[in-house]
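*Asks:* okay, predicted coordinates and the sequence, questions at the end:
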Number of protein chains: 2
Amino acid sequence: MGTEFLNLKEPEEVKNILNSLVIDNAAEKVELTKSFGRILAENIYSTMDLPPFDRVAMDGYAVRAENIFGASEDEPKALEMIDVVRAGDNPLKSVENDTCIEVGTGAPAPPLADAVVMVEFTERSGNEILIYQGVAPGENIVKKGSDLKKDILILKKATILTPDKIGVLSAMGIKEVLVYFKPKVGIISTGNEIVAPGREINPGEIYDVNSQTVAATILACGCLPTGVLIVKDDFQSLKNAINSLMDSDIIITSGGTSAGAGDVLRAVVEDMGEILVHGIAIKPGKPTLIGRIDNKTIIGLPGYPVAALLILETFVVPFLRRNLGLAFEEDGYDTIQIEISRRFHTSRGRTHNLLVKVKNGFAIPILKDSGAITALAEADGYIEIPKNTEIIEKGTLVDVKLFRQRFTLF
Amino acid sequence: MGTEFLNLKEPEEVKNILNSLVIDNAAEKVELTKSFGRILAENIYSTMDLPPFDRVAMDGYAVRAENIFGASEDEPKALEMIDVVRAGDNPLKSVENDTCIEVGTGAPAPPLADAVVMVEFTERSGNEILIYQGVAPGENIVKKGSDLKKDILILKKATILTPDKIGVLSAMGIKEVLVYFKPKVGIISTGNEIVAPGREINPGEIYDVNSQTVAATILACGCLPTGVLIVKDDFQSLKNAINSLMDSDIIITSGGTSAGAGDVLRAVVEDMGEILVHGIAIKPGKPTLIGRIDNKTIIGLPGYPVAALLILETFVVPFLRRNLGLAFEEDGYDTIQIEISRRFHTSRGRTHNLLVKVKNGFAIPILKDSGAITALAEADGYIEIPKNTEIIEKGTLVDVKLFRQRFTLF
């Protein structure tokens, strides 16, 4: 009896397999007020000119510029004020020669007015307005459509609806947008020793970690956890659990993937569907399994929390985000390039994802084993060490992919 | 009549005033499964040793190391297998001399066993196990408490509950945590010309932008929008709206802050409470107002969407996040340092926040006025130009504070 994996695959090959499994995500209409963080499933074209009318940019008087050419402190021009137009008003009177109309910022420019004199350069006496400074035609009026013309592509499909983008849609009066559905993800933790938090543990039992980190990560990347189950490490229990989550698009399990006696996931997936990956040439996370059951993707993470979270971050999150309808470039981590704090020996032959803490400008390797919970509490990110590297010398510049940044806002 | 502000304040002074208004946020217990993205309101100490028992790290046989010293391929040692212990089992038998117990990864080490021989180095024949390699005492057993001892500070107050941190709490069996309340924020857009999306607009009217960008930003930084109102730009309408939102912790308005005829917010806040800031020496965003009504903070953003969003980002978001219970260092933007694409003249005397697009490795200034909606759609972030700078030469390295990163995940 030995550690057997069907066929250890390189990380790149696994990523390609996952990419081939991305679902063609359906879309739904949501109200703009509920669209924050969703992904556009349509191209958005402007539905109107912006501004929708010639808009006054300053409080003052709408004039015909030619009427006040040459006005100055010494030789002001007098105009008759014939109306007042505030923001929101529909101007009815035109600015005839030698008249003016009082206007507020945001008001539509009255007909025949071609400029606005700022209130600071005027003096009022009854309906007579003295103008102390001339204006050029067009001054302090923003032309209709100068910001945006109708029927222009303004937001592309696959854009994340951030506050600024929502503002643009709102400016068009758009009340509903088509966004991709959130992929539904079912979560299973397997293991005879695993107990849900809040319950008593007996000797030999431990509290569940993975279903909580998986569920939170799924929320963090915009997907929808559909159910969280903790099941015993036997064929029928796991099969029943998977069956009960088949309304999900994706099922993520943890534990039960090691080769040998505990390898129930492999047996269940072989029984219910097909196995695509069993074993990745990576450390930690070798015993990862990927399969298909009824056109749904099932991902079996290792049981050790650090290994589970690293596989989740490096393989599963990019896959989930592509299922959201996001373009590939949105997968990226925030990366910082800093020096490693000490010499580090790595295990050759497998890509090694090394957890690090960032402190005082250095990447400090966390040398705990992948069962260590505290490693999770301490890590700021990880560095990816290629499989043919043996030693990283102290002071080498390394790219740290930061966890924290992914989850700073929510 | 001229543009009057009570007293134009420098940005740093305004930030200090806002800091003095941070509320002493109350806390609530939430279930761990609902804690993602919340802010810890308590220090968390470990409630148990981790692992909670001496844990087997490999599938194999639990032995007394001294019994198999010197075992080799040529001279294997034979041990009698007296029991099987799997993960989740409570071992009842001890490993007496010259016996062994079959164990699975994650199982508790049976009493008197001090090491585990990996299954790869053994051969089984009935209950006789041949051991082909010796082990050092302690090998393949993770000692109780070696990852974490009971009563150690593991997570500090003000920590954001990210998936990894939730995993740590789960490992302790913690089911509920104390987190800060989400500050409640009421939102008002003022302006006679402002119409909610989805309704018809008449000549002279425009669609509301600010309440949507403000509401989404409030969600994005972990606060709770309590209500969104669009009101006319008159004293009584605005006062009624503010009164109806007094169950909020903070009220954010936009529009109605310009000095002059349209300055209703100032009048309402003077009537209902006190004004702390009216005018900031910054561009865009000068007509910002900050006041207090019944111990609630009211922030009046400018009406122009770009100005409103920039004041929101630079002053209000850090303020909101401190109200969440976050430490100051969590305010930060992701910043990249790149070259500016062209020579840029700035207006002296005021700090200038310039929107930029990031393309081909350059920061490209967006030269639209702060009424331009399209500027919002194009901007990736902004650069802060100090008030005494007149010209930034093409190719100067500038720090771009990125908007996008704040909202990548949700």
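*Replies:* All right, it came through fine.
*Asks:* let me see the ranges of the strands in the stretch 151-300 of chain A.
*Replies:* A:153-155, A:176-180, A:184-190, A:194-195, A:206-207, A:224-231, A:250-254, A:274-278, A:282-283, A:289-293, A:296-301 (DSSP state E, counting those that start in this stretch).
*Asks:* a markdown table please, covering those and showing distance to residue A:359, mean neighbour count and mean pLDDT.
*Replies:* (C-beta placed from N, C-alpha, C; glycine too.) Formatted as a markdown table, the strands of the stretch 151-300 of chain A follow (distance: least, CB to CB, whole Å; neighbours: other CB atoms under 10 Å in any protein chain shown; pLDDT from 0 to 100):
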| stretch | distance to residue A:359 | mean neighbour count | mean pLDDT |
| --- | --- | --- | --- |
| strand A:153-155 | 40 | 18 | 91 |
| strand A:176-180 | 39 | 20 | 96 |
| strand A:184-190 | 32 | 25 | 96 |
| strand A:194-195 | 33 | 22 | 94 |
| strand A:206-207 | 29 | 24 | 94 |
| strand A:224-231 | 33 | 18 | 94 |
| strand A:250-254 | 29 | 28 | 97 |
| strand A:274-278 | 36 | 18 | 95 |
| strand A:282-283 | 24 | 22 | 92 |
| strand A:289-293 | 35 | 20 | 97 |
| strand A:296-301 | 28 | 26 | 97 |
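*Asks:* nearest to chain B, of those strands?
*Replies:* strand A:206-207 (4.3 Å; CB to the nearest CB).
*Asks:* what does the closest one rub up against?
*Replies:* A:193-197, A:201, B:51-52, B:106, B:170-173 (CB atoms under 8 Å, 6 or more residues apart in numbering or on different chains).
*Asks:* apply 10 Å and report the result again.
*Replies:* Applying CB atoms under 10 Å, 6 or more residues apart in numbering or on different chains, the contact partners of strand A:206-207 are A:191, A:193-199, A:201, A:371, A:373, B:47-48, B:50-53, B:55, B:87-88, B:106, B:108, B:169-175.
*Asks:* what lines up beside it in the sheet?
*Replies:* Strand pairing for strand A:206-207, determined by DSSP bridges: strand A:194-195 (parallel).
*Asks:* for the helix or strand bottoming out on mean pLDDT in chain A, packing partners?
*Replies:* Lowest mean confidence among the helices and strands of chain A (mean pLDDT, DSSP states H and E): helix A:373-378, at a mean of 81. When contacts are defined as 3 or more CB pairs under 10 Å, 6 or more residues apart in numbering or on different chains; DSSP states H and E, helix A:373-378 packs onto helix A:305-311, strand A:351-359, strand B:153-155, helix B:163-171.
*Asks:* next helix or strand past that helix?
*Replies:* strand A:381-385 (DSSP states H and E).
*Asks:* per-residue pLDDT, the residue lying closest to residue A:71 once chain neighbours are set aside?
*Replies:* In space, and not counting its chain neighbours, residue A:71 is closest to residue A:77: 4.3 Å by CB to CB, 6 or more residues apart in numbering or on different chains. We have a pLDDT of 97 for residue A:77.
*Asks:* go on, the one 3 residues further on?
*Replies:* As predicted, residue A:80 sits at a pLDDT of 98.
*Asks:* buried sites along the least confident helix or strand of chain A?
*Replies:* A:373-378 (16 or more other CB atoms under 10 Å in any protein chain shown).
*Asks:* do stretch A:161-171 as well
*Replies:* Neighbour count says stretch A:161-171 has A:161-171 buried, by 16+ other CB under 10 Å.
*Asks:* just stretch A:43-62 next, same as before
*Replies:* Result for stretch A:43-62 [16+ other CB under 10 Å]: buried residues A:44, A:46, A:48-62.
*Asks:* and what of stretch A:265-276?
*Replies:* So, applying 16+ other CB under 10 Å, buried residues of stretch A:265-276: A:265-266, A:268-269, A:272-273, A:275-276.
*Asks:* surely residue A:47 is in contact with residue A:170?
*Replies:* No: in this structure, residue A:47 is not within contact of residue A:170 by CB atoms under 10 Å, at 11.8 Å.
*Asks:* ok, back up a step: could I get the buried residues of stretch A:265-276 as CSV with distance to chain B?
*Replies:* Below are the buried residues of stretch A:265-276 laid out as CSV (distance: CB to the nearest CB, whole Å):
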residue, distance to chain B
A:265, 14
A:266, 15
A:268, 18
A:269, 20
A:272, 24
A:273, 26
A:275, 21
A:276, 24
